[in-house]
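> Sequence first, then the predicted structure, then my questions.
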Amino acid sequence: MILCQNLTKRYGPLLAVDDLSFQVAPGEVLGFLGPNGAGKSTTMRILAGFLPANSGKASVCGFDVETEATEAKRRIGYLPEGAPSYPEMTPRSFLEFVADIRGLTGAHRKNRLDEVYGLLHLEHVLGQTIDTLSKGYKRRVGLAQAIVHDPEVLILDEPTDGLDPNQKHEVRQLINQMSQKKIIVISTHLLEEVDALCNRAIIIAHGRILADDTPEKLETRSRFHNAVSVKLVDSSQIEAVRNGIEALPEVASTELDAQSDRLTAFPANGQLPLAAITDLAAKNDWEFSELHLESGRLDEVFRTITGGASA
Amino acid sequence: MNELLAIMRRELRSYFLTPVAYVFIVIFLVLTSTFTFYLGGFYERGQADLTPFFNFHPWLYLFLVPALSMRLWAEERKSGSIELLMTLPVEIWQAVAGKFLAAWAFTGLALALTFPIWITVNYLGDPDNGAIVAAYIGSLLMAGGFLAVGSCISAATKNQVIAFILAVVACFLLLLAGFPLVLDVFSAWAPQALVDAIASLSFLTHFANISKGVIDLRDLVYFGLLIGVMLYANAIVLQLKKAD
């Protein structure tokens, strides 16, 4: 269990975290979303015991992160932003160091290290210095460091930053595998990641929580929720189709993307325009090359909530 | 305790993974011998002791030890690995002591590698080996004092060059605290008690006592206290500055 109560953190005149309160229960994968400078990393640093808060309390598994810091830290695996490590070391010696500090010994230490090398596919680079590794491998070494003691709580600051699409996929799979038993908090800029990983998302800006919901629920806030987009085989018909669809009572408005010739119909309050549009198409013999029912766009919700849309 | 040892091991290992260790040891050995034989007139004196050898240690340490201590915390802060270290389940004193002890053990190793000169003097004559052991202990203690000062300064900055220069200046002042160069600044206005107190901080005076073969409890306490106070300050500075 992670508990945050009225956390506030100031850097001089700058209010980085402003009276933040939330809880995370086991089994939850919480995605922290927010523009740069929103206070995501600061909040994670407070939880990980690196920064003291100016006021408010935070506890991890019942241990206060300030007054019982070491006990709390034992239960946390933390990947700091940018995955720092010791560049002159090899992944093997670095992870052995972390395992020693984490109090792993004997056969358990060896087995666990082997397991982690395998999980993050580090076997081939164990003897190279971290300095010489690619960004993706450095990130994976950082992740390995965070999970080596099989912690109850994982706090990962941008875990897939710098990874290629295949590596991203693997890391997400790994996080998904671990998610049943653990509390996982990740921060990310990538909204697709929230969809792929998280069962809860908190959007913060200027240190305050602006939204706290499941990704699916957040998507329903999008004007694209239940919108229908179509592409025509014969694009010369497009104006007629647009007028026809716009006249439907289920449709509030339409938008035409000039570049792709994709026509999107936005639903009128709570309506589902899909059936009406397909009926209309059948009646008029319109031939669609594409037909999508949109579930909602998280990036658009994000921009609306954080004020980027008006900027 | 395990955490402290793990940090110490990692730190020591890092010295040998980078050229730092080899450069330091080679330069230290070359300079100690050069100074002993050429400037110190080891042969010309015709005495079977290591006075010319130990006399130059304070001056060598003045530059070499800050070169070793400058990276202790400044590098961690610069690279961000401090965030990793400070979120592992270690107490701050364990981290401070672990890193300090690694650096101290390393200077101890460099010092131990000067053993040929001890063999030489025993081959040439019949020196007072007790006094030599005492001087070695004194030299190691002095290196520890320099290191603790340097470590504390290193925690206050992200810039290793600044850490180096400030440590050299601080060590220089401590070295000469008992001499007119430093005391004259205070004697004009400060009460005599303060001037005496500053004079008693001098590394050179305390080291000179030990290197003569007299291990006085006061000198041991002096170096012990200096190291303790500096490391305590180091932990406080670190706590305040780690996230800047």
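Structure received. Every value quoted in this text rests on a predicted model; they were computed, and no experiment measured them.

> Count the residues that sit near residue A:105.
Neighbours of residue A:105 under the rule other CB atoms under 10 Å in any protein chain shown: 11. (Glycine included, C-beta is placed from N, CA and C.)

> now do the one 4 residues further on
Residue neighbour count, defined by other CB under 10 Å, stands at 17 for residue A:109.

> In terms of secondary structure, what does the helix or strand where it lies contact?
For residue A:109, the host element (DSSP states H and E) is helix A:106-119. Packed against helix A:106-119 by the contact rule (3 or more CB pairs under 8 Å, 6 or more residues apart in numbering or on different chains; DSSP states H and E) you find helix A:91-101, helix A:135-147.

> can you list those helices in CSV and add mean pLDDT and distance to residue B:106?
Shown next, in CSV, are the helices and strands packed on helix A:106-119 (pLDDT from 0 to 100; distance: least, CB to CB, whole Å):
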stretch, mean pLDDT, distance to residue B:106
helix A:91-101, 95, 17
helix A:135-147, 92, 25
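
> which residues of chain A score low on pLDDT?
Applying pLDDT under 70 to chain A flags the ranges A:308-311.

> where do the helices sit along it?
With DSSP state H as the criterion, chain A has helices at A:40-47, A:69-74, A:91-101, A:106-119, A:135-147, A:165-178, A:191-197, A:215-219, A:238-246, A:274-284, A:298-306.

> So which of those helices has the densest surroundings on average?
helix A:40-47 (a mean of 25; mean count of other CB atoms under 10 Å in any protein chain shown).

> Give me the helices and strands touching that one, please.
Helix A:40-47 packs on strand A:2-11, strand A:14-24, strand A:29-33, strand A:55-60, strand A:153-157, strand A:183-188, going by 3+ CB pairs under 8 Å, 6+ apart.

> contact partners of the first one?
Counting by CB atoms under 8 Å, 6 or more residues apart in numbering or on different chains, strand A:2-11 makes contact with A:15-24, A:39, A:42-43, A:46-47, A:51, A:53-60, A:153, A:183, A:185, A:207, all of which sit outside it.

> hang on, the earlier thing: for the helices and strands packed on helix A:40-47, which one sits closest to residue B:186?
With CB to CB as the criterion, residue B:186 lies closest to strand A:2-11 of these, at 38.9 Å.

> What pairs with that closest one, parallel or antiparallel?
If you go by DSSP bridges, strand A:2-11 pairs up with strand A:14-24 (antiparallel), strand A:55-60 (antiparallel).

> got the contact list for residue B:3?
Neighbouring residues of residue B:3 by CB under 8 Å, 6+ apart: A:101, B:88, B:89, B:90, B:91, B:94, B:98.

> Phi, psi for the fourth one please.
Right, the one you point to is residue B:90. Phi and psi for residue B:90, reported as degrees, to the nearest 10, are phi -120, psi 150.

> if we can go back for a sec, distance to chain B added to the helices and strands packed on helix A:106-119, as TSV?
What follows is the helices and strands packed on helix A:106-119, written out as TSV (distance: least, CB to the nearest CB, whole Å):
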stretch	distance to chain B
helix A:91-101	4
helix A:135-147	7
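
> Excluding chain neighbours, give the residue nearest to residue 161 in space.
You didn't pick a chain, so chain A it is. Counting by CB to CB, 6 or more residues apart in numbering or on different chains, residue A:139 is the residue found nearest to residue A:161 once chain neighbours are left out, at 6.8 Å.

> was after chain B, sorry
Using CB to CB, 6+ apart, the closest residue to residue B:161 is residue B:70 (7.7 Å).

> The helix holding residue A:109: how far from the chain's middle?
28 Å (CA atoms, centre = their mean, to the nearest Å).

> Please apply the same query to stretch B:222-239.
Centre to centre, stretch against its chain (CA atoms, centre = their mean), the figure for stretch B:222-239 is 13 Å.

> hmm, back to that, what's near enough to touch the residue nearest to residue A:161?
By CB under 8 Å, 6+ apart, the contact set of residue A:139 is A:83, A:159, A:160, A:161, A:162, A:163, A:167, A:171.

> At the contact with chain A, which residues of chain B appear?
Contact residues (CB under 8 Å from any CB of the partner chain) of chain B with chain A: B:2-3, B:5-7, B:9-10, B:13-14, B:17-18, B:79-81, B:83-84, B:86-91, B:242-243.

> List the ones among those residues that fall in helices.
Judged by DSSP H, helices contain the following of the residues of chain B next to chain A: B:2-3, B:5-7, B:9-10, B:13-14, B:17, B:79, B:81, B:83-84, B:86.

> Please list only the buried members of those residues.
Those of these that meet the buried threshold are B:3, B:6-7, B:9-10, B:13-14, B:17, B:79, B:81, B:83-84, B:86, by 16 or more other CB atoms under 10 Å in any protein chain shown.

> out of these, who's nearest residue B:196?
Set against residue B:196, the nearest of those by CB to CB is residue B:7 (38.8 Å).

> secondary structure element for the spatially most central residue of chain B?
Centroid check for chain B by CA atoms, centre = their mean gives residue B:143 as the closest residue, at 2.2 Å. In the assignment (DSSP H and E), residue B:143 maps to helix B:129-155.

> mind listing what's buried in that helix?
Going by neighbour count (16+ other CB under 10 Å), the buried part of helix B:129-155 is B:131-132, B:134-155.

> How far away from the center of its chain is it?
4 Å.

> What of stretch B:122-138?
The answer for stretch B:122-138 is 21 Å, by CA atoms, centre = their mean.

> what sits up against the helix or strand bottoming out on mean pLDDT in chain B?
Every helix and strand of chain B was ranked by mean pLDDT, DSSP states H and E. The lowest is helix B:180-187, at a mean of 80. The contact list for helix B:180-187 (CB under 8 Å, 6+ apart) reads B:173, B:176, B:177, B:194, B:195, B:198, B:199.

> Closest to residue B:37 out of these?
Distances from residue B:37 to these, taken by CB to CB, are shortest for residue B:176, at 25.7 Å.

> phi, psi of that closest one?
Taking degrees, to the nearest 10 as the convention, residue B:176 sits at phi -100, psi 20.

> OK, contacts around it?
Applying CB under 8 Å, 6+ apart, the residues contacting residue B:176 are B:182, B:202, B:204.

> Pick out whichever of those sits closest to chain A.
Using CB to the nearest CB, residue B:204 comes nearest to chain A of the contacts of residue B:176, at 35.7 Å.

> isn't the closest one right next to residue B:174, touching?
No - with contact taken as CB atoms under 8 Å, residue B:204 and residue B:174 are classed as non-touching, separated by 9.1 Å.

> For the two, indicate the residue with more neighbours.
Shown here are residue B:204 and residue B:174; by other CB under 10 Å, residue B:174 has more neighbours (22 against 17).

> Would you mind confirming that residue B:100 makes contact with residue B:152?
No - using CB under 8 Å, residue B:100 is not in contact with residue B:152, being 9.6 Å away.

> between the two, what contacts are shared?
B:231, B:234.

> mind listing which of the contacts of residue B:3 are in strands?
Per DSSP state E, strands hold no members of these.

> Name the member of the residues you listed with the most neighbours.
Within those, most neighbours by other CB under 10 Å means residue A:101, with 25 neighbours.

> ok, now which ones touch residue B:65?
B:107, B:143, B:146, B:147, B:150, B:167, B:171.

> Starting from residue B:178, give me the distance back to residue B:200.
Distance from residue B:200 to residue B:178, counting by CB to CB, to the nearest Å: 7 Å.

> Which secondary structure state does residue B:43 sit in?
coil (DSSP: H, G, I helix; E, B strand; the rest coil).

> Need the pLDDT of it.
The score at residue B:43 is 75. That number is its pLDDT.

> outside of stretch B:27-46, which residues touch it?
B:50-53, B:55-57, B:60, B:64, B:110, B:113-114, B:117.
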